[in-house]
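Enquirer: 3D, please:
(one chain, ligands or ions: 1)
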Amino acid sequence: MANFRTHLVVAAAGGAAIAHGGWQGGLWEVREALPVLALVTLGGILPDIDADRSKAIRLIFNLLAVPAVVAGALLLQGRLDTGGLLLACGAIYLGVRYLGARLFSRFTVHRGLWHSLLAAGLCGLVTAALSHRLFAQPDTLAWAHGVAVTLGFVIHLALDELYSVDLIDARIKRSFGTALKPFDWRSPGNSLVMLLAAVNLLPWLPAWSPLWSLLAQGAALWR
Ligand SMILES: [Zn+2]
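Expert: From the prediction side, this is the model:
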């Protein structure tokens with residue numbers, strides 16, 4: 001298994017290449033390239049959210065707490081005075097950071113459901129929906145953000161698989177095949193829940209056609 005630093009460095013390098021390529025290809029402006037880079041990097045550490053007490057889980061929940069606080073502040077701003085709002089935002093931050101992380105590690109297995117293409121897709125959809133609805137990004141850019149997270153996620157899964165092959169004596173470790181999989185066949189129930197979560201996101205997503213043209217343009221740049 002690749003360690004946290006390897007994941008971070010490889011995903012950031014991949015993110016830089018994608019952000020730069022997309023800017024050169026006219027997919028986004030230079031100021032829009034930075035969030036793409038950041039989201040590929042985030043996607044690259046996100047799968048290890050299921051590793052208990054990992055650096056990844058602490059960092060991820062710190063990062064997730066930020067949009068949660070922004071969402072909370074937007075929702076509550078009409079209902080509370082400044083003091084109440086600050087208190088509520090503090091509570092949301094602590095709740096996501098500590099309670100969320102605790103619950104998450106209680107209910108997940110490392111390299112289970114979160115190390116799958118299904119999870120990669122779901123995280124991309126959540127990102128696109130958040131970017132579009134919460135941060136009011138236009139369709140194409142919101143999709144670019146979602147695709148960035150999914151790409152980072154896939155980089156992580158591929159790296160985990162790469163590390164499970166012992167290159168020196170070409171031995172395949174037992175962990176081979178546990179990272180880059182379509183879904184977690186050992187827990188079909190949880191995989192189904194994840195699929196249903198994705199379906200429930202449908203009304204919140206940006207229009208689909210900008211995604212297809214983004215992917216077509218991206219594929220053309222690749223060639
Ligand atoms: Zn991993």
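
Enquirer: please make it C-alpha for all contacts and neighbour counts, starting now.
Expert: OK.

Enquirer: now do the same contact list for Ser187.
Expert: For Ser187, the contact set (C-alpha atoms under 8 Å, 6 or more residues apart in numbering) comprises Leu113.

Enquirer: centre of the chain to the longest helix anywhere in the chain, how far?
Expert: Longest helix in the chain by number of residues (criterion: DSSP state H): helix 139-163. Offset of helix 139-163 from its chain centre (C-alpha atoms, centre = their mean, to the nearest Å): 7 Å.

Enquirer: any buried residues in it, and which?
Expert: Residues of helix 139-163 classed as buried by neighbour count (16 or more other C-alpha atoms under 10 Å): 139-157, 159-163.

Enquirer: just the CA trace of stretch 88-104, in CSV.
Expert: Extracted in CSV, the C-alpha atoms of stretch 88-104 (Å, rounded to 0.1, in the frame of the first residue of the first chain):
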residue,chain,number,x,y,z
ALA,A,88,-23.4,27.2,15.5
CYS,A,89,-20.5,27.3,13.0
GLY,A,90,-18.1,26.3,15.8
ALA,A,91,-20.4,23.4,16.7
ILE,A,92,-20.6,22.3,13.1
TYR,A,93,-16.9,22.4,12.7
LEU,A,94,-16.3,20.3,15.8
GLY,A,95,-19.1,18.0,14.9
VAL,A,96,-17.8,17.2,11.4
ARG,A,97,-14.1,17.1,12.5
TYR,A,98,-14.5,14.9,15.6
LEU,A,99,-17.8,13.2,15.6
GLY,A,100,-17.9,12.6,11.8
ALA,A,101,-14.4,11.2,11.8
ARG,A,102,-15.2,8.9,14.8
LEU,A,103,-18.4,7.6,13.3
PHE,A,104,-16.8,7.1,9.9
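
Enquirer: list the contacts of stretch 97-108.
Expert: With contact meaning C-alpha under 8 Å, 6+ apart, stretch 97-108 is reached by 50-53, 57-58, 61-62, 64-65.

Enquirer: hmm, back to that, by contact count, what packs against the longest helix of the chain?
Expert: helix 4-24, helix 30-45, helix 117-133, helix 209-222 (3 or more C-alpha pairs under 8 Å, 6 or more residues apart in numbering; DSSP states H and E).

Enquirer: in JSON lines, list those along with distance to Leu201, mean pLDDT and mean neighbour count.
Expert: What follows is the helices and strands packed on helix 139-163, written out as JSON lines (distance: least, C-alpha to C-alpha, whole Å; pLDDT from 0 to 100; neighbours: other C-alpha atoms under 10 Å):
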{"stretch": "helix 4-24", "distance to Leu201": "25", "mean pLDDT": "92", "mean neighbour count": "19"}
{"stretch": "helix 30-45", "distance to Leu201": "19", "mean pLDDT": "93", "mean neighbour count": "22"}
{"stretch": "helix 117-133", "distance to Leu201": "7", "mean pLDDT": "94", "mean neighbour count": "23"}
{"stretch": "helix 209-222", "distance to Leu201": "16", "mean pLDDT": "91", "mean neighbour count": "14"}
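
Enquirer: could these go into CSV alongside distance to Leu196?
Expert: Putting the helices and strands packed on helix 139-163 into CSV (distance: least, C-alpha to C-alpha, whole Å) gives the following:
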stretch, distance to Leu196
helix 4-24, 28
helix 30-45, 21
helix 117-133, 10
helix 209-222, 21
